[in-house]
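Engineer: Predicted model, plus sequence, below.
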Amino acid sequence: GQSLEQPSEVTAVEGAIVQINCTYQTSGFYGLSWYQQHDGGAPTFLSYNGLDGLEETGRFSSFLSRSDSYGYLLLQELQMKDSASYFCAVRFRGSSNTGKLIFGQGTTLQVKP
Amino acid sequence: DTGVSQDPRHKITKRGQNVTFRCDPISEHNRLYWYRQTLGQGPEFLTYFQNEAQLEKSRLLSDRFSAERPKGSFSTLEIQRTEQGDSAMYLCASSPTSGGNNEQFFGPGTRLTVL
């Protein structure tokens, strides 16, 4: 089976940097994605790592190491609006090649003033 | 608004009733997914359509669940004889067949409460 593990909660102050880790046990996937979900909202795409290494998109960066079965999302210059749940997800490469996403349980980030 | 839309946004029903949800994906997207999300959990994959063909169904999808995408555009998800355990947010997502970052675009979801 496939499973992804993330910390359940992280707290940080405005302006700080926070790293959300994701470890996974799965095989045959295309890459690791990160989604943000505010309370009552839809998941929205943040970043994707198809290859090992660091991807940077504005204040957000994401990293993948397939050899370590590990990735992380790095949020810099935290803002209050960054308070949300963050999910790592692998895009699964199954026999049907559907590209379905397998999600972690999510990390709730609380940003304090 | 050209995003993914879902209808209804909320549905309250009594145990044993049938319910149907609709999803309108982004118009040029031929891949459509249904996920289910319960409180404090990540979305769980239910089923996938490539155009009108349903190519994968999760084991989570019991015989009471059926999904269609008759013309390769909108999709419906029906739950028959609802149970309290069906209470969840039902999310629809779409994506193009090709895409460098593999982004899936999610709709706002339908929150189902089974009394």
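Structural biologist: Looks like it arrived, so ask away. Numbers count the residues shown, from 1 in each chain, chains lettered A, B, ... in the order given.
Engineer: List the contacts of the closest residue to chain B within chain A.
Structural biologist: Closest approach between chain A and chain B, counting by Cβ to the nearest Cβ: A:Phe103, at 3.1 Å. Yep, even glycine has a C-beta here, placed from its N, CA and C like the rest. Contact partners of A:Phe103, counting by Cβ atoms under 8 Å, 6 or more residues apart in numbering or on different chains, are A:Leu4, A:Tyr35, A:Phe87, A:Cys88, A:Ala89, B:Gly42, B:Pro43, B:Glu44.
Engineer: Tell me, how many residues neighbour the last one?
Structural biologist: Looking back up the chat, that one is B:Glu44. 17 (other Cβ atoms under 10 Å in any protein chain shown).
Engineer: Show me the contacts of A:Phe103 that map onto strands.
Structural biologist: Using DSSP state E, the members of those that fall in strands are A:Leu4, A:Tyr35, A:Phe87, A:Cys88, A:Ala89, B:Glu44.
Engineer: My reading is that B:Arg3 lies in a strand. Confirm?
Structural biologist: Residue B:3: Gly, not Arg. No - B:Gly3 sits outside any strand when classified using DSSP: H, G, I helix; E, B strand; the rest coil, being coil.
Engineer: residues near it, how many?
Structural biologist: Counted with other Cβ under 10 Å, residues neighbouring B:Gly3 total 13.
Engineer: That one against B:Ala93, yeah?
Structural biologist: No - here B:Gly3 lies out of contact with B:Ala93, judged by Cβ atoms under 8 Å, at a distance of 10.8 Å.
Engineer: Who wins on neighbours among the ones in strands among the contacts of A:Phe103?
Structural biologist: Most neighbours among these, by other Cβ under 10 Å: A:Cys88, with 31 neighbours.
Engineer: How about the residues of chain B by chain A?
Structural biologist: Neighbours of chain A within chain B, by Cβ under 8 Å from any Cβ of the partner chain: B:4, B:31, B:33, B:35, B:40-45, B:48, B:50, B:55-56, B:91, B:93, B:95, B:100-109.
Engineer: quick revisit: give me the common contacts of B:Gly3 and B:Ala93.
Structural biologist: Common neighbours of B:Gly3 and B:Ala93, using Cβ under 8 Å, 6+ apart, are B:Phe105, B:Gly107.
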